[in-house]
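Trainee: sequence-free structure coming up:
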């Protein structure tokens, strides 16, 4: 029975990684739909969110079943609670990909007034944070999780500088207002992806070290 | 032991309601700090978020302890998983209150160019959705939860109309750009509060009827 249980946990972990990969691709495609002004690709991202939602439901059901049937304690219980939380974080990242794609769809008819550089860069940082946060979780690698959390500063700073720059464009060229506000919203969505990857890292450190780093509060030792 | 367990569940429920009330007050005070141009009140909201975070950690710890020690099944297990999810939703609503207060702090030095009407109205809708979603959860009232979910349309529509209106202001008075963008961000934060209250309602309906309404997908019967 116990061996069977560890296989079930492994299966859940695999599902979570699959979902993570799919969510990462959603962010990637959403940014492509923006830079390529491809409304059809944007709509494909929006449509594919249903699959992410189905994956989330499957993982939640799986985790609840294991809680009910296996009555895990200690490490395995913490692991399952972390799976439930990360599952919900991934689904939210998927929603941010949809938000970005919706913006890209609205902008697809207009030529960008300057090449996209900062937003694809932010997206690369966000996607690598997401990927590494899941690697850290799977390998219970608290050091990697800490390094990923540090990267979040890059996104926060880039977001502020993008907003500042776009505001100067609006001030000079009011005709660009709607366009710039869409880009500000996309930038904020990418910044939120970084926050959610940070959540995953915090749960990972907690699992790996049984300590609490959430909210960057003083770390409290745990039994 | 079983009676003790039901007291512990009751205690957790009480903590969740307390936290809900505190989060609701945070939204209320954040909007007040905006309409009263009160930077100090805004900073108080930002500072009080630490207390919300502490409440979240306490509830999460309590739920995990009960899962470990009581090994609940069926209804009680579902309830505890819902507590974990709602706990996280409430903490996120608290973060939106902080976002609003940060905007209010930045705007506190400037006189508003027109009276605040729509944003306080949105805040009222969001706060009543939050309050009622928790009432619905506590009383396992699926009908109330469904009515609350319908209210979310009000927030979505108001958010769109506020953004549209503010964009016309920016186009006509570029000097108002920064101010208007702060208001757009506040409006989006309130719209997100509605989404999170909707999450709470979906979990409530699921608990009350053991059916799945999440993502507005086709309802799937559950054992």
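Mentor: Sure, I can see it. Just so it is clear, the model here is predicted, and its values are computed rather than measured.

Trainee: show me where chain A has helices.
Mentor: All helices of chain A, identified by DSSP state H, fall at A:2-35, A:39-70, A:74-107, A:118-138, A:142-172, A:177-209.

Trainee: now render the ones you listed as a markdown table, adding mean pLDDT, mean neighbour count and distance to residue B:124.
Mentor: Yep, even glycine has a C-beta here, placed from its N, CA and C like the rest. Formatted as a markdown table, the helices of chain A follow (pLDDT from 0 to 100; neighbours: other Cβ atoms under 10 Å in any protein chain shown; distance: least, Cβ to Cβ, whole Å):
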| stretch | mean pLDDT | mean neighbour count | distance to residue B:124 |
| --- | --- | --- | --- |
| helix A:2-35 | 93 | 18 | 33 |
| helix A:39-70 | 95 | 17 | 30 |
| helix A:74-107 | 94 | 21 | 25 |
| helix A:118-138 | 96 | 21 | 34 |
| helix A:142-172 | 93 | 17 | 28 |
| helix A:177-209 | 92 | 23 | 25 |
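
Trainee: now render the ones you listed as a markdown table, adding distance to chain B.
Mentor: Listed next are the helices of chain A as a markdown table, based on distance: least, Cβ to the nearest Cβ, whole Å:
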| stretch | distance to chain B |
| --- | --- |
| helix A:2-35 | 14 |
| helix A:39-70 | 4 |
| helix A:74-107 | 5 |
| helix A:118-138 | 17 |
| helix A:142-172 | 5 |
| helix A:177-209 | 5 |
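
Trainee: want to throw these into TSV with distance to residue B:165?
Mentor: Compiled in TSV, those are given as follows (distance: least, Cβ to Cβ, whole Å):
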stretch	distance to residue B:165
helix A:2-35	26
helix A:39-70	26
helix A:74-107	18
helix A:118-138	26
helix A:142-172	16
helix A:177-209	13
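
Trainee: mind checking which of those helices is nearest residue B:15?
Mentor: Nearest to residue B:15 among those is helix A:74-107; the distance by Cβ to Cβ comes to 17.0 Å.

Trainee: on contacts alone, who are the packing partners of that closest one?
Mentor: helix A:2-35, helix A:39-70, helix A:118-138, helix A:177-209, helix B:39-70, helix B:74-107 (3 or more Cβ pairs under 8 Å, 6 or more residues apart in numbering or on different chains; DSSP states H and E).

Trainee: what about the first one, distance to the chain center?
Mentor: Same thing as helix A:2-35. Mean C-alpha position of helix A:2-35 versus that of the full chain (Cα atoms, centre = their mean, to the nearest Å) differs by 11 Å.

Trainee: just the angle between that helix and helix A:74-107, please?
Mentor: When axes from the mean of the first three to the mean of the last three Cα atoms, to 10 degrees is applied, the directions of helix A:2-35 and helix A:74-107 differ by 20 degrees.

Trainee: now the angle from helix A:2-35 to helix A:39-70?
Mentor: Using the same axes, to 10 degrees: helix A:2-35 against helix A:39-70 is 160 degrees.

Trainee: ok, the fourth one next?
Mentor: Here helix A:177-209 runs at an angle of 20 degrees relative to helix A:39-70 (the same axes, to 10 degrees).

Trainee: is it true that residue A:39 touches residue A:33?
Mentor: Yes: checked against Cβ atoms under 8 Å, the pair residue A:39 and residue A:33 is within contact range at 7.3 Å.

Trainee: what's the overlap in contacts for the two?
Mentor: Contact with both residue A:39 and residue A:33 is made by residues A:104, A:105, A:108, according to Cβ atoms under 8 Å, 6 or more residues apart in numbering or on different chains.
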